[in-house]
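Provide a 3D model corresponding to the input given below.
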Amino acid sequence: MSNAQFSYEGKHVLVVGGATGMGAAAAKLVKRLGARVTAMDVANIDYPVDNSIEVDLSDRNSVDESLGQVEGPVNVIFACAGVADGTPNIMLINFTSQRHLIESLIESGKLGAGGAVVMISSVGGLPWQANLANVKEFLETPDWESAAAWVAAHEGTDSYGFSKQAMSGYVARQAFPLLKRGIRINAIQPGPTDTPLARANADIWLAFGQDYRDAAGVATLTPEDMASPMAFLGSDAAQGINGVNLLVDQGQIGAGLTDAFEAPYVKAMFGMA
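Numbers count the residues shown, from 1 in each chain. I've put the predicted structure just below:
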């Protein structure tokens with residue numbers, strides 16, 4: 001294996017949700033690795049990129065307009081946008097719009113064979129298999145409008161947790177059909193990470209697992225800690241990895257499930273409490 005397999009020289013990377021947090025960290029990292037970077041966000045992109053596009057992910061017209069501003073070919077998409085519970089249209093922002101962007105770029109030919117998609121799910125998406133019937137039913141919606149209608153008809157699904165379950169299920173579901181087109185799709189499932197969004201919800205997001213981190217003597221993960229596995233999954237070095245939701249949580253979930261560390265809140269996530 002050569003260092004060239006980890007390089008982004010000559011690659012065009014689209015970062016959706018690139019203004020801050022993990023998206024910004026990933027964009028900066030692949031830029032240093034040689035990529036041409038296009039960053040999309042509703043907020044201002046305040047660091048050097050090759051192209052920035054303003055987009056409101058809750059608005060279909062805005063998303064479609066932004067698609068027209070993306071220059072092809074695109075080699076890697078990082079789908080990083082995410083907001084917290086309490087934000088209107090959270091499913092549109094966290095999942096539906098990003099699915100629409102990915103599938104539109106594939107159908108237009110801008111993302112083609114040899115390409116890769118890396119999404120940001122969450123430990124909050126881990127119970128997707130326990131909720132598989134609902135996740136599959138939602139993912140069978142073929143477009144933006146039907147997805148929005150499904151969410152409107154199913155109480156409790158316009159939520160952060162379901163958006164991440166849907167994303168994790170989407171990665172698993174799309175691995176085979178996209179592979180037939182020469183495209184890989186994976187996601188990371190971050191544990192608590194010190195981002196602006198997490199700080200705004202610190203009493204829940206950053207408090208989760210603090211006892212584990214204290215006992216292990218480790219700090220809370222940073223956006224940069226998430227950027228590295230994302231860059232790997234999008235690189236040629238990860239050619240054999242497809243349909244994977246990669247847990248990046250310092251071992252917290254595994255320790256809780258196996259009783260290496262007493263964490264009843266972890267077992268509760270899986271209905272084991």
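
wait, is G125 part of a strand?
No: counting by DSSP: H, G, I helix; E, B strand; the rest coil, G125 is not part of a strand but helix.

the chain: helices as residue ranges?
Using DSSP state H, the helices of the chain run over residues 21-32, 60-68, 90-91, 97-107, 132-139, 144-153, 160-179, 196-200, 210-216, 223-234, 252-257, 264-269.

deepest of the ones you listed, which one?
Comparing the helices of the chain by mean neighbour count (mean count of other CB atoms under 10 Å), helix 21-32 comes out on top with a mean of 24. Bear in mind the C-beta positions are built from the backbone N, C-alpha and C, glycine included.

touching that helix from outside, list them.
Applying CB atoms under 8 Å, 6 or more residues apart in numbering, the external contacts of helix 21-32 come out as 8, 11, 13, 15-18, 37, 39, 41, 47-49, 76, 78, 80-81, 120, 190, 193, 195-197, 222-224, 226-228, 230-231, 234.

name whatever forms a beta bridge with Q189.
L247 (DSSP bridges).

in contact with it, which residues are there?
Each residue near Q189 by CB under 8 Å, 6+ apart is listed here: 121-123, 125-126, 164, 168, 245-249.

tabulate the residues you listed (CSV), appending pLDDT and distance to F208.
Listed next are these as CSV, based on pLDDT from 0 to 100; distance: CB to CB, whole Å:
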residue, pLDDT, distance to F208
S121, 98, 15
S122, 97, 10
V123, 96, 8
G125, 95, 14
L126, 95, 12
K164, 98, 14
S168, 98, 17
N245, 98, 18
L246, 98, 19
L247, 98, 14
V248, 98, 14
D249, 98, 10
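
just the closest of those residues to K136, please.
Nearest to K136 out of these is S168 (CB to CB; 12.1 Å).

and that closest one, how far is that from I120?
Applying CB to CB, to the nearest Å, the value for S168 to I120 is 11 Å.

quick check, nearest of the contacts of Q189 to S62?
Closest approach to S62 among those (CB to CB): K164, at 22.9 Å.
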